[in-house]
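> sharing a model that was predicted from the sequence below.
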Amino acid sequence: MTDTDTDTDVETGIDAGTEPSDAGSDAGSLGAADGERRVSIADPALSGDAVDRVQSLLEDGTLADGPEVRAFEKEFAAFCGADRGVATSNGTTALHAALEALGLEEGDAVVTSPFSFVASANAIRLAGGTPVFADIDPETYTIDPDDVDRIVGERDDVVGLLPVHLYGLAADMPALLDIADEHDLFVVEDACQAHGATIRGKRVGQFGDAACFSFYPTKNMTTGEGGMVTTTRADVADGVARYVNHGRGETGTGGYDHVELGHNHRLTSVAAAIGRAQLERLPSSNDARRENAAVYDEELADLPIETPTEPQGHRHVYHQYTVRTDDREALAATLDAHGVDSAVYYETPIHRQPAYESVSTAATRLPRAERAADAVLSLPVHPGLSERDRRTVVEAVRNHYTSS
């Protein structure tokens, strides 16, 4: 661990698996072949402070929604530079609730990325809209503003944009916001993989009408399961708060005044307590991820793989360190033989998923997203890596390309 309070870290015991299937195993597990410690693709860990906060809540009996959640909402919104935060049960419900609060109606089209976890598009459909996929920038893997502009110019049913800040790198928000302003579109940032990423010093979570975060265990910070919507619009914050609380009005959590349709997508106080402790560690955790990425950038620069891009003015927080290679399966096998886990995010673009066969844009060719899906491979970059772990990863990749 490279964090400053490593002596208080304890393993969470939470399943380290990501939303997609992954090749990861718990940190510290033993390789089957050589009995040595494997380098895991993820390593969620809680500080002693988080454990103490949870213990206090358990003793107090405040388990569901309550003051701890309100405090987490304020602290996370302030971190992002937003006016309001509304906690939700996970990242998908954050996206769904934000779209409901923005008034998405049946048949409304929202332009988004095909190269993301399926939740980005699922949320649009769950809210009654139609996802329309724009191709990606092959360097950043985020949505291409030029393709977005083309689509918006060709269709008259687009009401919003939902860019995804993928792998810890923000999408080109200045260009996307210009398009949104020109065509009077709302913008929802999918920031589920980019806690603390910035553009020109501004953190994601404050660019659009709303931004949505996930606190799944493999993310840059976790609450176990959990999510958050941040916004500078009071009407959106109030709408999200109602939607995730069964449409309750001003009576709050325990009342029975239901002014509109809603769900129970609330975060628990136990999760919020974990989140408050994780948020305090987020800057140092992101610094550690960047330090690990810088080592890989330098050590792998001369190999026939493409390492991640960090556009000028952007600060990448490396939720994933994703390389592009023409021999992904062979490289993954070499890594596995060296005790290094790797994973593919995402092997099938959303528009090629069976659940999207009936969506009008499913037959669309999106060649840059499809090529990326065939070639990307993520290496361990989490803040729990030791110098020895990093050396193991580097040696495994170098061995693959220099020993043949």
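Perfect, thanks for sending it.

> quick one, helices of the stretch 301-404 of the chain?
Along the stretch 301-404 of the chain, counting by DSSP state H, counting those that start in this stretch, helices occupy 328-337, 367-375, 387-402.

> one more: the chain?
Remark: helices assigned in the chain by DSSP state H are 48-60, 67-80, 91-101, 119-126, 145-154, 173-183, 234-243, 269-299, 328-337, 367-375, 387-402.

> low-confidence ranges in the stretch 151-300 of the chain?
250-254 (pLDDT under 70).

> follow-up on the earlier one: now render the helices of the chain as CSV, adding distance to Ala355.
Where C-beta positions appear, they are placed from N, C-alpha and C, glycine not excepted. Compiled in CSV, the helices of the chain are given as follows (distance: least, C-beta to C-beta, whole Å):
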stretch, distance to Ala355
helix 48-60, 36
helix 67-80, 31
helix 91-101, 14
helix 119-126, 8
helix 145-154, 21
helix 173-183, 26
helix 234-243, 23
helix 269-299, 28
helix 328-337, 24
helix 367-375, 16
helix 387-402, 34
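
> which of these sits closest to Gly226?
Nearest to Gly226, of all those, is helix 269-299, at 4.7 Å by C-beta to C-beta.

> now the angle from the closest one to helix 48-60?
170 degrees (axes from the mean of the first three to the mean of the last three C-alpha atoms, to 10 degrees).

> which strands and helices lie in contact with helix 269-299?
Using 3 or more C-beta pairs under 8 Å, 6 or more residues apart in numbering; DSSP states H and E, the elements in contact with helix 269-299 are strand 45-46, helix 48-60, helix 67-80, strand 321-324, helix 387-402.

> reformat the ones you listed as JSON lines; add mean neighbour count, mean pLDDT and distance to Gly129.
Shown next, in JSON lines, are the helices and strands packed on helix 269-299 (neighbours: other C-beta atoms under 10 Å; pLDDT from 0 to 100; distance: least, C-beta to C-beta, whole Å):
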{"stretch": "strand 45-46", "mean neighbour count": "22", "mean pLDDT": "88", "distance to Gly129": "37"}
{"stretch": "helix 48-60", "mean neighbour count": "15", "mean pLDDT": "92", "distance to Gly129": "37"}
{"stretch": "helix 67-80", "mean neighbour count": "19", "mean pLDDT": "97", "distance to Gly129": "25"}
{"stretch": "strand 321-324", "mean neighbour count": "22", "mean pLDDT": "98", "distance to Gly129": "29"}
{"stretch": "helix 387-402", "mean neighbour count": "17", "mean pLDDT": "96", "distance to Gly129": "41"}
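
> would JSON lines of these with distance to Gly247 be doable?
Output for those, formatted as JSON lines (distance: least, C-beta to C-beta, whole Å):
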{"stretch": "strand 45-46", "distance to Gly247": "34"}
{"stretch": "helix 48-60", "distance to Gly247": "27"}
{"stretch": "helix 67-80", "distance to Gly247": "18"}
{"stretch": "strand 321-324", "distance to Gly247": "40"}
{"stretch": "helix 387-402", "distance to Gly247": "48"}
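
> lovely, talk soon.
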